[in-house]
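Student: Generate coordinates for the sequence data below:
(one chain, ligands or ions: 1)
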Amino acid sequence: MEKIAMIGVGYVGLVSGTGLADFGNEVICVDIDAEKIKKLKNDILPIYEPGLLDLVKKNVDKGRLSFTTDLENSIKNSRVIFSAVPTPSAENGEVDLSYVFNVVDKLAEVIDSYKIIVTKSTVAVGTGDKIRERILSKGISEDMFDIVSNPEFLREGSAVGDFMRPDRVVLGTSSEKALNIMKGIYRSLYLIETPIVGTDVRTAEMIKYASNAFLATKISFINEVANICEKVGANAQMVAKAMGLDGRISPKFLHAGPGYGGSCFPKDTLALTKIAEQVGLKATIVEAVIDVNHRQKLRVVEKLLKFVPNLKGKTIGLLGLAFKPNTDDVRDAPALTVIGEILKQGGQIKAYDPEAMNEMCKHYPQITYVASSEDAVKDVDALIILTEWNEFRNMDLDYIKSVMKKPVLIDARNIYEPDMVIKKGFLYDCIGRKVRL
Ligand SMILES: NC(=O)c1ccc[n+]([C@@H]2O[C@H](COP(=O)([O-])OP(=O)(O)OC[C@H]3O[C@@H](n4cnc5c(N)ncnc54)[C@H](O)[C@@H]3O)[C@@H](O)[C@H]2O)c1
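Tutor: Numbers count the residues shown, from 1 in each chain. Down below sits the predicted model:
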C-alpha cells in the first residue's frame, strides 16, 4: 500500500486516482477547484463517465480514497505525487506547461522527505528533465526526489475499464528505486499480466505522443480513403472492414466520420509537430493528419449545403455534441466546428445530446437545446447525426420524416443503411458510402 497524492482531479486524475485506490493504495485527490472537491465529497462526479461513481463510492467507503483542496498537506503526507493537471495547447501550438510547473513549484516549497514526482499529464518531450532542473534550482537536493513519466492511455467513455485493464503501463525513470515503488503501486495489474514498459523519461514522454499521433493518423487516413471512395463509387465501410481483417492493420480507429476531436488528439498531434520543429524537423505525416481532420469537419457542412444551399433562416437539427459517445466532453468536438459554420452562414440550430448539452452551452449559449431527439427533429430543415450515441442508432425514421420541414439526413457516423433511409423518402448523405440520390 502506497500513499499517493493525485494532483488535478479531471478525467485523468479522477479515474487514475480512483483506480489506484482500487488497486489497494491510499489516494488523496487534490484540486484547486473547491466546488469540484465539494461535489466529490458529496458523491457528485464532475464528469460523466460510465462505472466511475460506483468505483469512487466503493473506495471512499473503504477509506482508501479522499478529496481535498489542501495541496501542501497532501504532498507532505504522500511519498508518490502524481500530477494530472491540464496541458492545453499554447497560442503557438506548443504545450502550455504552466499548470505542470505551478504544481512543481508548490512541491519544491513544501518538500520535506523523499518524493516520487510522477507526471501523468501529456507533456512535451524533455519536460521531466525540466521538472528536475526546476526543483534542483530551488535548492532541493537530488536524493530528495525522483522523476517518473507515467503517461495515461485511457479513453473517455471507457476510462474505468481502460485504467483497470490497460494494454500496457509505461514507466519512464532513471531511478531503480522509483521504478520499484511504481511497480508496487501497479502490482494488481501483474495478476492480469499487463505488460509494464520500463524506460527512460524522454522515451516514455514520446511514447504517448507517438501513440496518439498514430491513432489520429488512422482516423485521418480512413477519412481520406472515404472521400476518395465517394468519388469512385466504393464503400469505405467495407474497405475498412477488409483492411482491418489484416492483423498488421487492425480494425480499430478505422471508422470514417466527421473527424477526430476530444481533449487529446488535436492538441497532441499539434504538439508533436512543434516538438519536431524545435529540433529542426518537419512532422510531415502528422501535419497532413491535422489538415485532413480539419477539412473533414467542414465536409459535414458541405454535405448539408448540397441539400440546403442557403442556410439563412433555416433551422438545422443536431444529434450529438460530445466528441464521442459516453462522455460529456466537447473539447475540440466536430460539433464545435459544424455549429460555428452553420451559425456563420445564418442558420439556426436545435441540438440534443444525452450528456454534453451543459458543456456545449458554455461555447454556444445562443443555440436551442432540447430534451430529446424527438424534439430536435421537429420543424427542422435538415438533421445531422454527429455522435454515435446508442439512442440515435434505432430512431423512428417515419416519425422523424413526418415532423421535419424537409427530410434531409446527414449521417456523419454512418449508423444508418443508405438504401433503407432513402427508400423512406429522405435526402440522405453519409461518409464514404455510395449514396443513390
Ligand atoms: N482526457 C483524456 O482522455 C486524457 C487521456 C490521457 C491523457 N490525458 C492528459 O491528462 C492531462 C489532464 O487531462 P484531463 O482531461 O484530465 O484534464 P481536466 O481539465 O479534465 O482536469 C484537470 C484538473 O486539474 C485541475 N488543476 C489545474 N491546476 C491545478 C493545480 N495547480 N492544482 C490542483 N489541481 C489543478 C483542474 O481544476 C482540473 O480539475 C492532460 O495532460 C491530458 O492531455 C487526458
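
Student: Can you tell me, leaving aside adjacent residues, what's nearest to residue 384?
Tutor: Closest residue in space to residue 384, ignoring its immediate chain neighbours: residue 410 at 4.4 Å, by Cβ to Cβ, 6 or more residues apart in numbering. Quick note: C-beta positions are derived from backbone N, CA and C, even for glycine.

Student: I misspoke; the intended subject was residue 106.
Tutor: residue 71 (5.7 Å).

Student: Could you do residue 399 as well?
Tutor: Ranked by Cβ to Cβ, 6+ apart and with sequence neighbours excluded, the top spatial neighbour of residue 399 is residue 374, at 7.3 Å.

Student: which residues of this protein fall in strands?
Tutor: 3-7, 26-30, 65-68, 80-83, 115-119, 145-149, 169-172, 196-199, 315-319, 348-352, 368-369, 382-385, 408-411, 427-430 (DSSP state E).

Student: out of those strands, which comes closest to residue 239?
Tutor: Residue 239 lies closest, by Cβ to Cβ, to one member of the strands of the chain: strand 427-430, at 14.1 Å.

Student: What helices and strands are in contact with that closest one?
Tutor: helix 284-307, strand 408-411, helix 418-423 (3 or more Cβ pairs under 8 Å, 6 or more residues apart in numbering; DSSP states H and E).

Student: So what's the model's average confidence on it?
Tutor: Here the mean pLDDT over strand 427-430 is 97, rounded to a whole number.

Student: partners of it in the sheet?
Tutor: Under the criterion DSSP bridges, strand 427-430 sits next to strand 408-411 (parallel) in its sheet.

Student: Name the residues that touch the strand it pairs with?
Tutor: Outside strand 408-411, the residues that touch it by Cβ atoms under 8 Å, 6 or more residues apart in numbering are 300, 303-304, 307-308, 381-385, 400, 416, 421, 426-431.

Student: again, 7 Å this time
Tutor: With contact meaning Cβ atoms under 7 Å, 6 or more residues apart in numbering, strand 408-411 is reached by 300, 303-304, 307-308, 381-385, 421, 426-430.

Student: Please apply the same query to stretch 225-243.
Tutor: Residues from elsewhere that reach stretch 225-243 (Cβ under 7 Å, 6+ apart): 222, 249, 251, 254-256, 414, 431-434.

Student: Can you say which of those residues are buried?
Tutor: 222, 254-256, 414, 431-433 (16 or more other Cβ atoms under 10 Å).

Student: Turn the residues you listed into JSON lines, including distance to residue 47.
Tutor: Output for the buried ones among the contacts of stretch 225-243, formatted as JSON lines (distance: Cβ to Cβ, whole Å):
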{"residue": "222", "distance to residue 47": "28"}
{"residue": "254", "distance to residue 47": "28"}
{"residue": "255", "distance to residue 47": "24"}
{"residue": "256", "distance to residue 47": "28"}
{"residue": "414", "distance to residue 47": "27"}
{"residue": "431", "distance to residue 47": "28"}
{"residue": "432", "distance to residue 47": "32"}
{"residue": "433", "distance to residue 47": "34"}
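
Student: Where is pLDDT lowest across these?
Tutor: By pLDDT, residue 433 ranks lowest within the buried ones among the contacts of stretch 225-243, coming in at 91.

Student: how many neighbours does the nearest residue to that one once chain neighbours are set aside have?
Tutor: Distances taken as Cβ to Cβ, 6+ apart put residue 235 closest to residue 433, at 5.3 Å, once the chain neighbours are dropped. For residue 235, the neighbour count with other Cβ atoms under 10 Å is 16.

Student: where does residue 235 land on pLDDT?
Tutor: At residue 235, the pLDDT recorded in the model is 95.

Student: distance of it from the ligand?
Tutor: 31 Å (Cβ to the nearest ligand atom, to the nearest Å).

Student: now residue 88
Tutor: Taking Cβ to the nearest ligand atom as the measure, residue 88 and the ligand are separated by 8 Å.

Student: same deal with residue 381?
Tutor: Relative to the ligand, residue 381 is positioned 35 Å away (Cβ to the nearest ligand atom).

Student: list the contacts for the residue nearest to that residue when sequence neighbours are not counted?
Tutor: With Cβ to Cβ, 6+ apart as the criterion, residue 381 has its nearest non-adjacent residue at 4.2 Å, and that residue is residue 314. For residue 314, the set of contacting residues under the criterion of Cβ under 7 Å, 6+ apart consists of 308, 347, 381.

Student: What residue in the protein comes nearest to the ligand?
Tutor: For the chain, the residue positioned closest to the ligand under Cβ to the nearest ligand atom is residue 10, at a distance of 1.7 Å.

Student: what pLDDT does that residue get?
Tutor: Per-residue confidence at residue 10 stands at 95 (pLDDT).

Student: check contacts around it.
Tutor: 84, 86.

Student: quick one, phi/psi of it?
Tutor: Main-chain dihedrals, residue 10, degrees, to the nearest 10: phi -100, psi -150.

Student: quick one: it from residue 231, how far?
Tutor: Look at residue 10 and residue 231: by Cβ to Cβ, to the nearest Å, they are 42 Å apart.

Student: how about the residues of the stretch 51-200 of the chain near the ligand?
Tutor: Taking Cβ under 6 Å from any ligand atom, the part of the stretch 51-200 of the chain that reaches the ligand is made up of 71, 84-87, 99, 102-103, 121-122, 152, 154, 156.

Student: so of these, which ones are in helices?
Tutor: 71, 99, 102-103 (DSSP state H).

Student: would CSV of the contacts of stretch 225-243 with distance to residue 43 be doable?
Tutor: As requested, these are arranged in CSV below (distance: Cβ to Cβ, whole Å):
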residue, distance to residue 43
222, 41
249, 43
251, 38
254, 39
255, 35
256, 40
414, 38
431, 40
432, 43
433, 44
434, 50
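
Student: what's the farthest-apart pair in those?
Tutor: Between all members of the contacts of stretch 225-243, the longest pairwise span (Cβ to Cβ) is found for 249 and 434 and amounts to 22.7 Å.

Student: The residue nearest to residue 66 when sequence neighbours are not counted: neighbour count?
Tutor: Spatial nearest neighbour of residue 66, chain neighbours left out: residue 28 (5.2 Å); criterion: Cβ to Cβ, 6+ apart. Taking other Cβ under 10 Å as the criterion, the count of residues near residue 28 is 22.

Student: Bridging across strands, which residues link to residue 28?
Tutor: In this structure, residue 28 bridges to residue 5, residue 66 when assessed by DSSP bridges.

Student: contacting residues around it?
Tutor: Neighbours of residue 28 in contact, by Cβ under 7 Å, 6+ apart: 5, 66, 68, 74, 78.

Student: again, only this time at 10 Å
Tutor: When contacts are counted by Cβ atoms under 10 Å, 6 or more residues apart in numbering, residue 28 is found next to 3-7, 17, 21, 64-68, 70, 73-75, 77-78.
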